[in-house]
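In: have a look at this prediction, sequence included:
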Amino acid sequence: MDLSSKVTSELSLDEQQASESSTASLAESQSILGGTNGDVRQSLLPPMGFGKHKPKMLLMGLKRSGKSSISNVVFHKMAPHETLFLEATTAIQKQNVMKFMDFQIWDLPGQIDYLSSSLDSNSVFSDVGGIVWVIDAQDNYLEPISRFTSAVVALTELYPSIRYSVFIHKTDSITEDYREDTIRDVMQKISDELFDEGLENPPVSYFPTSIYDHTIFEAFSKVIQGLVPQLPTYETLLDTVAASCRFQKVYIFEVTSKVYIASDTKPSDLSSYELCSDFINAIMDMYGLYSWDRPKTSSISPMDDERHQDVGAQTVEAMVCSARGNTVYLRELNAFLVFIGVSKEPNFQKEKAMVDYNIQMFQNTLLRVLDRG
Ligand SMILES: Nc1nc2c(ncn2[C@@H]2O[C@H](COP(=O)(O)OP(=O)(O)OP(=O)(O)O)[C@@H](O)[C@H]2O)c(=O)[nH]1
């Protein structure tokens, strides 16, 4: 029996999918911290193992397009308005940004042409899983588009496995009417130029983004998911758990960055994302007040079911129920990842024991998948 079918047989609630999007705010909610309160970052559970997979991602684009701002806001909790004071990047900034896997982001200075023959481009582009190309949508975007398409043409031949994500950035500065047209225009121009160069189906995805709202986190989540080799397995597991526990939307979040590495396969729902990321922020803020030093028993093996159950009793668990009947349920998975789900079920609390059991099964299975790398 494979792991996903095992989890299916162990999960026991009936399938029911709520369709409305969640609108609860934390201000109107009542928080219930259950389980053992502790530091999400000091879990007893082992960090995620990604085997030999060590992805690297490049942040590219013209100068002042917003690359360093994105990396600072998403991965270093910088407030968006503080990016106004960032100085120009003059050398490649290499950052190990997410601890849940061996993953690096390189922020490339906008003024250097890394494809020029005078540079050793192999040292930059070898081992690259994905390139995020940032285009300032409030500026004249013809030159950035042509720089991007030239790069794709040059790199496709040498590094055919690289995926490209175009961030049509600073959309907050464009009026709403004009925004859709701009996004469509950028996409059209890029695909026309690539088509003219003989690339009919280039591996390019597009994301309208701004550091002043959640779009940048949503976009980065999707980009990073492209680097997670076991994504289809996680999605299958999350679909099963969402149906069985009557969650409207479920995610696996990386707690330090508000990026989710997998979700169920229902369409993206920005309001659920906002609710979950705000809840994680609140839990992380409470860490200083409620955490305790958990004994270090690093010998715990994800393969050992009985001990796992033991550890499960000591993991961080939190639930918040709003006056409007929305519930957000959070459960620590390992040192850097949490499961989080949004439910609109009025009877969710009554079924919590069953949900706890199901999530425990999900956690056990997930850790086994991670352990296989
Ligand atoms: N309105 C708006 N401004 C942004 C956004 N992202 C970045 N900026 C601004 O854009 C300017 C340039 O940002 P940087 O992050 O320094 O740009 P960069 O691409 O790293 O530039 P180089 O280091 O020269 O390559 C800053 O003033 C940021 O505040 C955004 O989403 N919206």
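Out: Looks like it came in fine.

In: quick check: which element contains the nearest residue to His214 once chain neighbours are set aside?
Out: Spatial nearest neighbour of His214, chain neighbours left out: Glu274 (5.5 Å); criterion: C-beta to C-beta, 6 or more residues apart in numbering. Quick note: C-beta positions are derived from backbone N, CA and C, even for glycine. If you go by DSSP states H and E, Glu274 is part of helix 270-290.

In: give the rounded mean pLDDT of stretch 89-108.
Out: Averaging pLDDT along stretch 89-108 gives 81.

In: which parts of the stretch 101-250 of the chain sit against the ligand?
Out: Residues of the stretch 101-250 of the chain that fall close to the ligand, judged by C-beta under 6 Å from any ligand atom: 109-110, 169-170, 172-173, 210-212.

In: if we go to 8 Å?
Out: Within the stretch 101-250 of the chain, the positions adjacent to the ligand are 107-111, 134, 136, 138, 169-173, 209-212, 216 by C-beta under 8 Å from any ligand atom.

In: what sits against Asp107?
Out: 59, 67-68, 71, 89, 92-93, 95 (C-beta atoms under 8 Å, 6 or more residues apart in numbering).

In: what residues are bridge-paired with it?
Out: Asp107 has these beta-bridge partners by DSSP bridges: Leu59, Gln93.

In: what's the spacing between it and Ser118?
Out: Separation of Asp107 from Ser118 (C-beta to C-beta, to the nearest Å) stands at 21 Å.

In: count the residues that sit near the residue nearest to His214.
Out: Using other C-beta atoms under 10 Å, Glu274 has 17 neighbouring residues.

In: strands of the protein, start to end?
Out: Taking DSSP state E as the test, the strands found in the chain are 29-35, 56-61, 93-98, 103-107, 128-136, 163-169, 204-209, 249-254, 259-263, 316-322, 327-332, 337-343.

In: buried stuff in stretch 140-148?
Out: 141, 144-145, 147-148 (16 or more other C-beta atoms under 10 Å).

In: mean pLDDT lowest where, among the strands of the chain?
Out: strand 29-35 - the lowest mean pLDDT of the strands of the chain, at a mean of 35.

In: contacting residues around the residue of the stretch 101-250 of the chain found nearest the ligand?
Out: Distances between the stretch 101-250 of the chain and the ligand by C-beta to the nearest ligand atom are smallest at Gly110, namely 3.1 Å. Residues counted as contacts of Gly110 (C-beta under 8 Å, 6+ apart) are 60-65, 67, 88-89.

In: and what of Gly130?
Out: By C-beta under 8 Å, 6+ apart, the neighbours of Gly130 are 55, 57-58, 162-165, 223, 226-227.

In: follow-up on the earlier one: make JSON lines from the buried residues of stretch 140-148 and add pLDDT to it.
Out: Formatted as JSON lines, those follow (pLDDT from 0 to 100):
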{"residue": "Tyr141", "pLDDT": "92"}
{"residue": "Pro144", "pLDDT": "93"}
{"residue": "Ile145", "pLDDT": "95"}
{"residue": "Arg147", "pLDDT": "92"}
{"residue": "Phe148", "pLDDT": "94"}
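
In: TSV for these, including distance to Ser268?
Out: Below are the buried residues of stretch 140-148 laid out as TSV (distance: C-beta to C-beta, whole Å):
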residue	distance to Ser268
Tyr141	25
Pro144	26
Ile145	26
Arg147	29
Phe148	24
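
In: now, those residues that are in helices?
Out: 144-145, 147-148 (DSSP state H).

In: count of residues packed around Glu197?
Out: Residues lying near Glu197 (other C-beta under 10 Å) number 14.

In: Tyr273 touches Glu218, doesn't it?
Out: Yes - between Tyr273 and Glu218 there is a contact under C-beta atoms under 8 Å: 6.0 Å.

In: between the two, what contacts are shared?
Out: Common neighbours of Tyr273 and Glu218 are not found (criterion: C-beta under 8 Å, 6+ apart).

In: export the ones in helices among the buried residues of stretch 140-148 as JSON lines, with columns for distance to Phe336.
Out: Shown next, in JSON lines, are these (distance: C-beta to C-beta, whole Å):
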{"residue": "Pro144", "distance to Phe336": "34"}
{"residue": "Ile145", "distance to Phe336": "36"}
{"residue": "Arg147", "distance to Phe336": "35"}
{"residue": "Phe148", "distance to Phe336": "32"}
